[in-house]
Structures are given as C-alpha cells and as structure tokens.
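**Student:** requesting a structural model of the entry that follows:
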Amino acid sequence: MSSPYIKSAAVTAALAALDEGRAPERPVLRAAVRALLTTLAARAPGRSVEVRVPPYGAVQCVPGPRHTRGTPANTVEMDPETWLGLATGRLDWARAVTEGRVRASGSRADLSGYLPLELE
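**Tutor:** Numbering: from 1, shown residues only. Purely as a prediction, here's the structure:
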C-alpha cells in the first residue's frame, strides 16, 4: 500500500492483519490506534472534543471551548478496528455513524473534516 498515511509500521501491520481476516496482535493494534490518535490531535489541535478508542487510548482535539472535567459535551467513541478504518480512509464517517459503529455526541463531534489522516 502506498498511501501517505501508511508510514507507521504498526498501522501497516494492523491493516495487513485485518486484510488477511485476522485480528491484529494486541500490542500492534494498540500502537496503531495511538499513532493515529496522536496524528488526529496534531491535525486538529484543541480540547473541545474527546475521541475515545477503548481500551487503547483517548485524545482531546478540535478547536473550540476547552473541556476540563466531567463528561465532555462533545465525545466520539468507537472500537479500534473502526478507528483504523476511519483514520486511513477505508471507512467513511457518515457510513460509520449510520451503521452505529461510531457514537458521537455534541455539536463539534463530527470528525469528517479531519479524516482520513496522513502520518508523517
């Protein structure tokens, strides 16, 4: 695969495993999720939306009012495989939301303008 986002060995390995119909090894999946979350936070700096990909990570991102404590008003949560698909352009945001693969709440919780990501 020669897409620009495939520069992380963990992302490459996780996608390869999924393409082969296997579950990625847990450490590989964790590293891939975290690499992509870090990239999202850099691409959409801010603290108004919390993006959660349990059990591997969460970041605050997107410009706007800062969230400081309690449950954030703007949250996005999904499983690791859905996050990999969205972040790498293999899955469309609207489709993932419609299918219930993404749980998004709040006026700033639409990440479609930031996805897919490119790893540097």
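**Student:** and for the residue lying closest to Ser112 once chain neighbours are set aside, the neighbour number?
**Tutor:** Nearest non-adjacent residue to Ser112, counting by CB to CB, 6 or more residues apart in numbering: Trp93, 3.8 Å away. Every C-beta, even on glycine, is put in place using the N, C-alpha and C of the backbone. Trp93 has 18 neighbours, counted by other CB atoms under 10 Å.
**Student:** do the same with Thr88
**Tutor:** The number of residues packed around Thr88, counting by other CB under 10 Å, is 22.
**Student:** would you agree it is in contact with Glu118?
**Tutor:** No. With contact defined as CB atoms under 8 Å, Thr88 does not count as touching Glu118 (9.6 Å).
**Student:** using the three-state scheme, assign Gly113.
**Tutor:** Look at Gly113: counting by DSSP: H, G, I helix; E, B strand; the rest coil, its state is coil.
**Student:** any idea how far it lies from Ala31?
**Tutor:** Distance of Gly113 to Ala31, given as CB to CB, to the nearest Å: 26 Å.
**Student:** cool, and Pro63?
**Tutor:** Counting by CB to CB, the separation of Pro63 from Ala31 is 27 Å.
**Student:** just Arg101 next, same as before
**Tutor:** 22 Å.
**Student:** between these two, who's got more neighbours?
**Tutor:** Set Arg101 next to Ala31 and count neighbours by other CB under 10 Å: Ala31 wins out with 19 against 16.
**Student:** please identify the helix or strand for the more buried one.
**Tutor:** Assigned by DSSP states H and E, Ala31 belongs to helix 26-43.
**Student:** what sits up against that helix?
**Tutor:** With CB atoms under 8 Å, 6 or more residues apart in numbering as the test, helix 26-43 has contacts from 5, 8, 10-11, 13-15, 17, 23-24, 51, 53, 56-61, 80, 83-84, 87-88, 111, 114-115, 117-120.
**Student:** drop anything exposed from these.
**Tutor:** Buried subset of the contacts of helix 26-43 (neighbour count, 16 or more other CB atoms under 10 Å): 5, 8, 10-11, 13-15, 17, 24, 51, 53, 56-57, 59-61, 80, 83-84, 87-88, 111, 114-115, 117, 119.
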